[in-house]
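Enquirer: Sequence first, predicted coordinates after that:
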Amino acid sequence: MKYTSAITQVWLDLAAHEKLWAWTRMAKGEVSMLGLVEDGDGGPVITDVFLMRQTCTAASTDMDQADIARLLFDLGAAGIEGQLRAWVHSHAEMAVFWSGTDDKCIEGLGGDPYIVSLVVNRKGDVKARIDVFQPIRFVIDDVPVKLRVPDLGLEEPCKAEFMAKVTEVHAFSTLGIGLPGSMLSGLPSNEQPDLFGSRLHRRSFAMMDLDEMEAAVYRGEMSVDEYMRATGDDSFIDPFVDNGEPGEVANGRHA
């Protein structure tokens, strides 16, 4: 029988994130931490991590059981001992993977209904899994880990300041769309007035890509009519179309 789970990611609060990586960088070899987990709408959230007294080598950590008991007592006094459902450890310079020792440690820690485990290394690699113990035993591996950033309540102040300081005008409304025909009368078809000055220009835009042409329109170097003609007829050269040599495109750009 195939089982599915609604858990698709693990979140890290800022405090847990900072402590985790600080201790990972400081350790010459492996190091282990235990953490608090809350059930969030978008998946489990590791809200804090604790560094236990431990003996570490380049490839192992042995946490002091008495120190773990003291942490459980303190959390129990605060009424949150049930949140101690995360185990985080570093592989130092090694790759991130689940060793047989890791599997045994996770099994020994248990969890109701699940425990979140992270293995990291000094390069910044992260691997996460969720071991579900209730109502049935199964593992969700390779779960994405994301940083949960707190809402600082700045949305409304930012909106108020934006409305007070920013006037938005449609880009093409300043570039001559809908200009009376008399403004263009008497000009050769390849000449257009410079909307930001009095000079006329005679330029070919066939070899420009879309971004360059749009920038030229905004600068007033290209009229809207020229833009529409260049992008609407067969003379326009798309710089991302193969010109005969694999990988080569116009203007020296590569796909």
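Expert: Yes, it's here. Numbers count the residues shown, from 1 in each chain.
Enquirer: which outside residues touch stretch 162-171?
Expert: Stretch 162-171 has contacts (CB atoms under 8 Å, 6 or more residues apart in numbering) with residue 218. Just so you know, the C-beta spots here come from the backbone N, C-alpha and C atoms, and that holds for glycine as well.
Enquirer: And the average pLDDT for that stretch is what?
Expert: The average pLDDT within stretch 162-171 is 85.
Enquirer: so how far is it from its chain's centroid?
Expert: Distance of stretch 162-171 from the chain centroid (CA atoms, centre = their mean, to the nearest Å) equals 28 Å.
Enquirer: can you list the domains in the protein?
Expert: The chain breaks down by automatic domain parsing into domains covering 10-148, 159-250.
Enquirer: so can I have CSV of these showing mean neighbour count?
Expert: Listed next are the domains of the chain as CSV, based on neighbours: other CB atoms under 10 Å:
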stretch, mean neighbour count
domain 10-148, 16
domain 159-250, 12
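Enquirer: mean pLDDT lowest for which of these?
Expert: domain 159-250 (a mean of 60).
Enquirer: Spell out the residue ranges of the strands in this protein.
Expert: 10-13, 31-40, 43-51, 54-56, 61-63, 84-90, 114-120, 126-132, 138-141, 145-148, 192-193, 200-201 (DSSP state E).
Enquirer: Just put these in CSV and tack on distance to residue 224.
Expert: As requested, those are exported to CSV (distance: least, CB to CB, whole Å):
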stretch, distance to residue 224
strand 10-13, 48
strand 31-40, 50
strand 43-51, 49
strand 54-56, 68
strand 61-63, 67
strand 84-90, 58
strand 114-120, 54
strand 126-132, 50
strand 138-141, 54
strand 145-148, 43
strand 192-193, 9
strand 200-201, 14
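Enquirer: List the residues that contact the closest residue to residue 35 other than its chain neighbours.
Expert: The shortest distance from residue 35 to any non-neighbouring residue, by CB to CB, 6 or more residues apart in numbering, is to residue 86 (3.2 Å). Taking CB under 8 Å, 6+ apart, we find residue 86 in contact with 34-37, 46, 49, 115-118.
Enquirer: For stretch 137-155, measure first residue to last.
Expert: By CA to CA, to the nearest Å, the extent of stretch 137-155 from end to end equals 42 Å.
Enquirer: Touching it from outside, list them.
Expert: Stretch 137-155 is contacted by residues 3, 5, 7-14, 17, 40, 43, 45, 98, 118, 126-132 when judged by CB under 8 Å, 6+ apart.
Enquirer: residues contacting the nearest residue to residue 40 once chain neighbours are set aside?
Expert: In space, and not counting its chain neighbours, residue 40 is closest to residue 11: 6.0 Å by CB to CB, 6+ apart. Contact partners of residue 11, counting by CB under 8 Å, 6+ apart, are 40, 42-46, 145-148.
Enquirer: Export these as a markdown table, with columns for distance to residue 156.
Expert: Output for those, formatted as a markdown table (distance: CB to CB, whole Å):
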| residue | distance to residue 156 |
| --- | --- |
| 40 | 24 |
| 42 | 23 |
| 43 | 28 |
| 44 | 30 |
| 45 | 25 |
| 46 | 30 |
| 145 | 31 |
| 146 | 25 |
| 147 | 24 |
| 148 | 21 |
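Enquirer: Can you tell me which of the residues you listed comes closest to residue 56?
Expert: Nearest to residue 56 among those, counting by CB to CB, is residue 46 at 21.0 Å.
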